[in-house]
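Asks: pasting the sequence and the predicted coordinates here, then a few questions.
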Amino acid sequence: MFTAIDWIVLAAYLLFSLFIGLWVSRGNKNLKEYMLGGGSMPWVAVGISLIATSVSATTFLGAPADVYGDNMTFLMFQIGAFLSIFVVGFVFIPRFRNSGINSAYELFEVRYSRGVRRLAAVFYCLHLLLRTGILLYAPSLVLAQILNVDLRYAIIVSAAVAIFYTWFGGIKAVIWTDVMQFIVFFGGGALVLILIANSVGGFDEMARMAGEAGKTKWWDASFDVSNARTLISAGFAYAILEIAIRGCDQQFVQRYLSCKDVKAANRSSVLSMVLGVIVSILFYWVGAALYVYYQMAKAAPLPKGMGQNDVFPYFIVNGLPVGVTGLIVAAICAAAMSSLSGAINSLSNTMEKDILGFKEDEGIGGLKRAKLWTVFWGVLGVFGALFAATQQGSLLKNALFFTGLFTGPLLGMFLLAFFVKNVRPWTVVVAVLCGMGSLVLVQGIPAFHVPAVLGGIFSWPWMPFISMTTTILIAVVISLIMKLVCKTENK
């Protein structure tokens, strides 16, 4: 039961988040400070902010549910994350840092045209807005159940706090509140694990029972591409998704540019990967611990018919001491606000510079516009979450579809810009549309119940790989054909 003490803990956390955001962001005088922190943010803080933005509340709630219902094989995703660090560190970060750009998609104007830059920015905004709506809705659904409040209130209150400190402080507020939120997020998970382990006879006993139940299995060397829980899918294919996110997402690029140099940016990237591994292990063990607590040790009964996604929220309300429940709910809020604040800040930057084309030297006018765009995208994110609440079917499938639809082609665009010469702007546009079309063939459109023509062949980690590869191949083929046509005409 959520008590008065729990409400005090939650309220204190929300107020402290506001205080941190306002305190660290004093003195933002221009757009560069607002969007990039003056290019002097500490790499440790940036690295923590990167992982805080990545994990989201779905990690806090979804990872334990996944292990409760299955096992830890999705830990193999960390192999893909490890591989991505090298590609991003050697290919992407040096180019971003040394090119003098202020936005990830500015590279496309330098390489192709203003139109291609705008197209990439629009794709990114659509993807991030849809993703933000889902990431805000999912934890709010749980918060509404735990707090016994209307879902709309849970969405609006958590969003309002994040929008306010992001509006006021920009990237500085985002990064430093991310640091605080990560501490609460990680500490909440660790506290749950300790409490459960102590209640079932200690960590060793808990690990033994989890192993007997098959919950600690994390390795599957199968090459079955139709199964997401195999080395080829979770290790190799997922690496493409990680490269797309870490290398092409404005949220990440903006943080790389907020560091003082290439070395600091790479350190922040490596730190975020290491912390990501630790977070994954922690929350997968929370899922195993919950299974042991309820199914093996029978420490407490579960209501009949309870699904795996509801077990952790039920434990939060009924299995934790007074005050600790408030802290864990604060941790869920922390993850949700971190996802929203980072998203609306990067969307504001993308709108100001990539879509509208304003320059950073426009003084206080640019800063005012950026703050208005922060509120605009924040409000749209709230509407996206409210829209997600009306949808039927799997939110996860919808989120994965839009992730593959946009991130794969964006990665293809960057790789073409880096390594393939003489590609015309219209060729890039056609290739991107073909890349998106290829995903519809193999996955359909879940949100509109459109079936896939080639469904069931590839599991979801392959979707960005397929759309990226198609984009690159189409662009190269068209370029070769155009080159042959030009040679023929010249003879």
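Replies: That came through, no problem. Everything numeric in this text was worked out from a predicted model, so none of it was measured.
Asks: longest helix in this protein, please.
Replies: Using DSSP state H, we find that the single longest helix of the chain is helix 151-199.
Asks: same for the following helix or strand past that one, what does it pack against?
Replies: Note on helix 151-199: by DSSP states H and E, the next helix or strand toward the C-terminus is helix 203-212. Other helices and strands packing on helix 203-212, by 3 or more CB pairs under 8 Å, 6 or more residues apart in numbering; DSSP states H and E, are helix 151-199, helix 262-291. Using the backbone N, CA and C atoms, a C-beta is placed for each residue, glycine as well.
Asks: which residues are contacting the helix or strand of the chain with the lowest mean pLDDT?
Replies: Every helix and strand of the chain was ranked by mean pLDDT, DSSP states H and E. The lowest is helix 31-36, at a mean of 78. Helix 31-36 is touched from outside by 27-28, 38-39, 102, 170-172, 254, 257-258, 345, 348-349, 352, 360, 362, 366-367, 370-371, with contacts defined as CB atoms under 8 Å, 6 or more residues apart in numbering.
Asks: narrow those to just the buried residues.
Replies: 28, 38, 102, 170-172, 254, 257-258, 345, 348-349, 352, 360, 366-367, 370-371 (16 or more other CB atoms under 10 Å).
Asks: rewinding a little: so which of the contacts of helix 31-36 sit within helices?
Replies: Using DSSP H, the contacts of helix 31-36 in helices are 170-172, 254, 257-258, 345, 348-349, 366-367, 370-371.
Asks: can you classify the residue nearest the centre of the chain by secondary structure?
Replies: In the chain, the residue lying closest to the centroid (CA atoms, centre = their mean) is Ser54, at 3.9 Å. Secondary structure assignment for Ser54 (DSSP: H, G, I helix; E, B strand; the rest coil): helix.
Asks: if we can go back for a sec, from the ones in helices among the contacts of helix 31-36, which has minimum pLDDT?
Replies: Of all these, Gly366 has the smallest pLDDT value, namely 74.
Asks: what number of residues lie near the closest residue to that residue other than its chain neighbours?
Replies: By the measure of CB to CB, 6 or more residues apart in numbering, the closest residue to Gly366 outside its immediate chain neighbours is Leu31, 4.0 Å from it. Neighbour count of Leu31, defined by other CB atoms under 10 Å: 27.
Asks: could you measure from Leu31 over to Ser269?
Replies: Computed as CB to CB, to the nearest Å, the Leu31 to Ser269 distance reads 24 Å.
Asks: okay, the residue nearest to Lys353 when sequence neighbours are not counted: pLDDT?
Replies: Excluding the flanking residues, the one nearest Lys353 by CB to CB, 6+ apart is Ser103, at 4.7 Å. For Ser103, the model assigns a pLDDT of 84.
Asks: go on, the one 10 residues further on?
Replies: Confidence per residue is given as pLDDT, and for Ser113 that number is 92.
Asks: list the contacts for the closest residue to it other than its chain neighbours?
Replies: In space, and not counting its chain neighbours, Ser113 is closest to Pro425: 4.3 Å by CB to CB, 6+ apart. Contact partners of Pro425, counting by CB under 8 Å, 6+ apart, are 112-113, 115-116.
Asks: narrow these to those that are buried.
Replies: Applying 16+ other CB under 10 Å to those flags 112-113, 116 as buried.
Asks: of the residues you listed, which belong to helices?
Replies: Of the buried ones among the contacts of Pro425, the ones assigned to helices by DSSP H are Val116.
Asks: mind putting the buried ones among the contacts of Pro425 in JSON lines, distance to Asn198 included?
Replies: Listed next are the buried ones among the contacts of Pro425 as JSON lines, based on distance: CB to CB, whole Å:
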{"residue": "Tyr112", "distance to Asn198": "59"}
{"residue": "Ser113", "distance to Asn198": "61"}
{"residue": "Val116", "distance to Asn198": "57"}
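Asks: what stretches of the protein score poorly on pLDDT?
Replies: Where the chain drops to pLDDT under 70, the residues are 26-29, 57-58, 359-365, 391-400, 446-449, 491.
Asks: distance of Phe387 relative to Leu347?
Replies: For Phe387 relative to Leu347 (CB to CB), the value is 17 Å.
Asks: higher neighbour count, the two?
Replies: Each of Phe387 and Leu347 has its neighbours counted (other CB under 10 Å); Leu347 has more, 26 against 13.
Asks: tell me the contacts of that one?
Replies: 125, 128-129, 250, 373, 377.
Asks: with Phe168 instead?
Replies: So Phe168 contacts 21-22, 25 (CB under 8 Å, 6+ apart).
Asks: which of these lies closest to Met72?
Replies: Among the contacts of Phe168, Gly21 lies closest to Met72 (CB to CB), at 35.1 Å.
Asks: so what does the closest one have for phi and psi?
Replies: Dihedral angles of Gly21 (phi, psi; degrees, to the nearest 10) stand at phi -60, psi -40.
Asks: how much space between Ile403 and Leu380?
Replies: Actually, residue 403 is Thr rather than Ile. Counting by CB to CB - Thr403 and Leu380 are separated by 18 Å.
Asks: more neighbours, those two?
Replies: Counted by other CB under 10 Å, Thr403 and Leu380 do not tie: Thr403 has more neighbours, with 20 against 16.
Asks: what packs against the strand or helix carrying the more buried one?
Replies: Thr403 is part of helix 395-419 when elements are defined by DSSP H and E. The contact analysis (3+ CB pairs under 8 Å, 6+ apart) places helix 395-419 against helix 106-111, helix 114-147, helix 238-248, helix 425-443, helix 463-490.
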